[in-house]
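Asks: From the sequence below, what's the structure:
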Amino acid sequence: MAEEFGVEGFAALAQALKQFPARVERKILRSAAQAGGQVVLKAARQNVPVKTGRLKKSIVRRSRAGRKIPGQVAVSVGITEEGFYGRFLEEGTFKYPATPWLRPALDDNISEIISAIRDRLKKRIEAEAGKAAKASGMRRLK
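Replies: Sure, this is the predicted structure:
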């Protein structure tokens, strides 16, 4: 079941990011994606059933550059090999019903994820613009 939502301002964001070199743009996007992933990570750790705590500790956030599209960044939240059985809890088995904990961490927090990404983008773009202005010797007006 797909949930639809809208986000405005992508044209302005793309324009703001074009003023930076590709390396800095990737850095800004990666930071923003990690902020969104952090929301999911925190929610997943709160949702997961706990017996020993091993599964909870095995939930991680990973980020990597996109392979197919230049400038694309990807963030995933999942489990390490040590918490392999988390998949059985999430999806269920033929003997045990599913106890979803990861998917609800995403679905129930869409607005918080978007807010975290938006806030981090704003913060990083302003910080990088300030660095660029300082490096060029310009004063930044507030």
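Asks: Tell me where this protein is predicted with low confidence.
Replies: Counting by pLDDT under 70, the chain has low-confidence residues at 1-7, 66-67, 70, 137-142.
Asks: show me where it has strands.
Replies: Listed in chain order, the strands found in the chain under DSSP state E are 59-65, 73-79.
Asks: Restricting to C-alpha, output the first one in CSV.
Replies: Included here for strand 59-65 are C-alpha records, laid out as CSV according to Å, rounded to 0.1, in the frame of the first residue of the first chain:
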residue,chain,number,x,y,z
ILE,A,59,19.3,-1.8,13.7
VAL,A,60,21.5,0.6,11.7
ARG,A,61,21.4,3.5,9.3
ARG,A,62,23.6,3.3,6.2
SER,A,63,24.2,5.9,3.5
ARG,A,64,25.8,5.7,0.1
ALA,A,65,26.0,7.6,-3.1
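Asks: list the contacts for Asn47?
Replies: Going by C-beta atoms under 8 Å, 6 or more residues apart in numbering, Asn47 touches Trp101, Leu102, Pro104, Ala105. C-betas here are computed from N, CA, C, even on glycine.
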